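S.K.: what follows is a predicted structure for the sequence shown.
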Amino acid sequence: MNVADFIAAFRGELADTAEPHFWSDEEIVAYLNEAVQEACERAFLIEDRSTPAVCAITLQPGVDTYSLHASVFQIKRLTFQGRPLEETSVEALDEGSPGWETRQGQPRGFIFEQTSGVQAARVRLVPTPNQAGTIALTVYRGALKPLNSGQDTIKPEIHERYHARLKDWVYRCAYLKQDVEALDKSRATEFEAQFTQSFGERPDANVQRKQRDRSPPVVRCSW
């Protein structure tokens, strides 16, 4: 389904064909962009290991922390010179490798730092790199470019088999519009439940952080 298909389906299924419409084309596409992001975060629908701006980090000697592309919300794999790096945590390193923060050398592990406030997600390499090079990432991310109501033939950046299910979130957003003729919290709840059935619950950032903090201690080494 492309943007025009979604708008047509919306107007037909929500009986919003007469003008003036309750919902504008721009609102519908905004809901669709939100639906794509929600689906990607819940079900890890976009795995990327080839987009240079997303999947490559240029190392600088003495610099251990690097911001990730704004679309990234999870790291699947990270390698340096073809060697996979082990994901760890500050807690695990403090327990298994005291003094790790002062060490430099070839990176062997990494800490994934989730988005916090206005700060983008980051990756911290362990030990701190002492040479230039490139880190290769495989990540789960959201869409790189938002859809636009003026681009009728553009399709969401997820497989087409998921497109119809995105409508549940679009309709959920539509029925939460703060308008006396559009607002229907009961219908919004129904559509959100259907979306959750298709793509799963929304990840809880606090739970994910606590799970990382409980990761097994790294083996003591000479990093």
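M.R.: Looks like it came in fine. Numbering: from 1, shown residues only.

S.K.: how many residues are close by Arg124?
M.R.: Arg124 has 17 neighbours, counted by other CB atoms under 10 Å. (C-beta placed from N, C-alpha, C; glycine too.)

S.K.: can you confirm it is in a strand?
M.R.: Yes - judged by DSSP: H, G, I helix; E, B strand; the rest coil, Arg124 forms part of a strand.

S.K.: what residues of stretch 10-20 count as buried?
M.R.: Phe10, Arg11, Leu14, Asp16 (16 or more other CB atoms under 10 Å).

S.K.: closest to Lys76 among the residues you listed?
M.R.: For the buried residues of stretch 10-20, the residue nearest Lys76 by CB to CB is Phe10; the value is 33.7 Å.

S.K.: okay, that closest one and Ala35: tell me how far apart.
M.R.: 11 Å (CB to CB, to the nearest Å).

S.K.: anything in contact with each of these two?
M.R.: Lys167, Val170 (CB atoms under 8 Å, 6 or more residues apart in numbering).

S.K.: on that earlier part again, pipe the buried residues of stretch 10-20 into JSON lines and attach pLDDT per row.
M.R.: Listed next are the buried residues of stretch 10-20 as JSON lines, based on pLDDT from 0 to 100:
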{"residue": "Phe10", "pLDDT": "97"}
{"residue": "Arg11", "pLDDT": "97"}
{"residue": "Leu14", "pLDDT": "95"}
{"residue": "Asp16", "pLDDT": "94"}
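
S.K.: so which residues of the chain form strands?
M.R.: Remark: strands assigned in the chain by DSSP state E are 47-48, 56-59, 65-67, 72-80, 83-84, 86-87, 104-105, 109-113, 122-126, 128-129, 133-141.
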